[in-house]
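Chemist: test case, fold it:
(2 chains)
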Number of protein chains: 2
Amino acid sequence: MHVGIIGGTGPLGQGLALRLAAAGSSVTIGSRQADRAAEIVAALHDRWPERALAIDGDTNDQAAARPIVVVATPWDALVPTVRASAEHLGGKVVVSVANALVKQGREVHALVPPRGSMAAAVQAELPASMVAAAGHHLPASELADLEAALEADVLVCSDHAEATEATMALMGSIEGLRPLDAGSMAQATAIEAFTAVLVTINMRYKAHSSLGLTGLGHVPR
Amino acid sequence: MHVGIIGGTGPLGQGLALRLAAAGSSVTIGSRQADRAAEIVAALHDRWPERALAIDGDTNDQAAARPIVVVATPWDALVPTVRASAEHLGGKVVVSVANALVKQGREVHALVPPRGSMAAAVQAELPASMVAAAGHHLPASELADLEAALEADVLVCSDHAEATEATMALMGSIEGLRPLDAGSMAQATAIEAFTAVLVTINMRYKAHSSLGLTGLGHVPR
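Modeler: Below is the predicted model:
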């Protein structure tokens, strides 16, 4: 697969790029400034020189031109960023990994955006695209370490069956991740908000936890 | 411990009563109608005759008179029910296990109550009590089968450290459950809403899944 990651220079975007490339995809990390993306990508190649990862850095528009596109900007930049690249995103599967979170003292709280979720805001901004929400609960630091074994469930939801299917295939290509179909876009509210709980638990327990569901042994990871 | 379960005749209330009694607590299942509670309790004793479980059935007021109280009514009855027993609940730890959920076709959706969560609504109704939210993600059918092995994380949140501590001790007394401190009552919004995601996944995958966070191996279950 050739995947674009709009706003892919942050920890989660970089981690996903690394893992997807390690799984055999070609990845374009996009940024508002192409040279910023190029710098980040150079650092990734420097860290993993023997992996021959097919990652390049470019503008967000170039990332948006790929056949499947992940949007990984900070949540408060998400809507204007996808709007700016909207012409490239029509008819495509767009995966939103953003969470609207705020730090409050010793914990992190979820905001509920006006449309219920950031993914729903992206879908509303891109009516011609097929938006899925996924990947919110992944631990960025573990993703970024290709030697760390992953063990996590990835909840995927969308109002488009094609987006659910493509996103599950994308996430399932990464070793140790088990994609699960969590239903319609209405579920993104709870899925995104739950990230605040995981981050807070990580702060309290000094951990890099991720989501796991028990009792689903019949669904292989 | 002597635990009261207000509105404890539903699947989750019964399951918690069984597991807490199996762990050595005395449990009073409360109902609006004491004879209804007595019937339910008789059926539990009939099903597990050799366990000598210390469970009795009584009014909600009698359940509310116990030193620690769980409220397990359907969500839309929760506030009026605790209001009716408020005189018994001052100064106590009250554990809310309710979720505001609605079935929508082939999935279940979370409602966001006006105060953010059902637990926050209970706390607002009971300013003299110490309310914690916990237990939302537990699979009721597995709880009710004392021969089924449990493996689940129980997220606990509260604005009162004493409530968090007592609720974690209560949940941790049940074999196979790992209580985790998820922070302040603000987290109850996401914790409660996430139940909709788990129930929807259970419907889709024909499972009785529960939450089990990965990457927390240093916190024993």
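
Chemist: show me which positions of the one helix or strand residue A:80 maps to end up buried.
Modeler: Element membership for residue A:80 (DSSP states H and E) is helix A:75-84. Judged by neighbour count using 16 or more other Cβ atoms under 10 Å in any protein chain shown, the buried positions of helix A:75-84 are A:75, A:78-79, A:81-82. All C-beta spots, glycine's among them, are computed from the backbone N, C-alpha and C.

Chemist: out of those, who's nearest residue A:59?
Modeler: Checking the buried residues of helix A:75-84 against residue A:59 with Cβ to Cβ, the nearest one is residue A:81 at 11.5 Å.

Chemist: name the nearest residue to that closest one, ignoring sequence neighbours.
Modeler: Nearest non-adjacent residue to residue A:81, counting by Cβ to Cβ, 6 or more residues apart in numbering or on different chains: residue A:73, 4.8 Å away.

Chemist: for that neighbour, give me the pLDDT.
Modeler: As predicted, residue A:73 sits at a pLDDT of 97.

Chemist: the helix or strand where residue A:61 lies: how far from the chain's middle?
Modeler: If you go by DSSP H and E, residue A:61 is part of helix A:60-64. With Cα atoms, centre = their mean, to the nearest Å as the basis, helix A:60-64 stands 15 Å off its chain's centre.

Chemist: surely residue A:150 is in contact with residue A:171?
Modeler: No: taking Cβ atoms under 8 Å as the definition, residue A:150 is not a contact partner of residue A:171, at 10.7 Å.

Chemist: more neighbours, these two?
Modeler: Comparing residue A:150 with residue A:171 by other Cβ atoms under 10 Å in any protein chain shown, the one with more neighbours is residue A:171, at 26 against 22.

Chemist: circling back: any chance of CSV for the buried residues of helix A:75-84, columns distance to residue B:57?
Modeler: Formatted as CSV, those follow (distance: Cβ to Cβ, whole Å):
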residue, distance to residue B:57
A:75, 48
A:78, 52
A:79, 54
A:81, 58
A:82, 56
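
Chemist: can you tell me which of these lies nearest to chain B?
Modeler: residue A:75 (14.8 Å; Cβ to the nearest Cβ).

Chemist: run through the bridge partners of the nearest residue to residue A:42 once chain neighbours are set aside.
Modeler: Counting by Cβ to Cβ, 6+ apart, residue A:42 lies nearest to residue A:57, which is 7.7 Å off, once chain neighbours are set aside. For residue A:57, the beta-bridge partners are residue A:29 (DSSP bridges).

Chemist: which parts of chain A are strands?
Modeler: In chain A, the strands defined using DSSP state E lie at A:2-6, A:26-31, A:55-59, A:68-71, A:93-96, A:101-104, A:107-110, A:130-133, A:152-158, A:177-181, A:213-214.

Chemist: helices or strands up against the longest helix along chain A?
Modeler: As assigned by DSSP state H, the longest helix anywhere in chain A is helix A:188-205. Applying 3 or more Cβ pairs under 8 Å, 6 or more residues apart in numbering or on different chains; DSSP states H and E, we find helix A:188-205 packed against strand A:101-104, strand A:107-110, helix A:118-125, strand A:130-133, strand A:152-158, strand B:177-181, helix B:188-205.

Chemist: related to what we said a few turns ago, turn the strands of chain A into JSON lines, columns for mean neighbour count and distance to residue B:14.
Modeler: Formatted as JSON lines, the strands of chain A follow (neighbours: other Cβ atoms under 10 Å in any protein chain shown; distance: least, Cβ to Cβ, whole Å):
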{"stretch": "strand A:2-6", "mean neighbour count": "26", "distance to residue B:14": "48"}
{"stretch": "strand A:26-31", "mean neighbour count": "27", "distance to residue B:14": "50"}
{"stretch": "strand A:55-59", "mean neighbour count": "22", "distance to residue B:14": "53"}
{"stretch": "strand A:68-71", "mean neighbour count": "27", "distance to residue B:14": "44"}
{"stretch": "strand A:93-96", "mean neighbour count": "28", "distance to residue B:14": "40"}
{"stretch": "strand A:101-104", "mean neighbour count": "14", "distance to residue B:14": "36"}
{"stretch": "strand A:107-110", "mean neighbour count": "22", "distance to residue B:14": "32"}
{"stretch": "strand A:130-133", "mean neighbour count": "29", "distance to residue B:14": "35"}
{"stretch": "strand A:152-158", "mean neighbour count": "27", "distance to residue B:14": "28"}
{"stretch": "strand A:177-181", "mean neighbour count": "22", "distance to residue B:14": "28"}
{"stretch": "strand A:213-214", "mean neighbour count": "22", "distance to residue B:14": "21"}
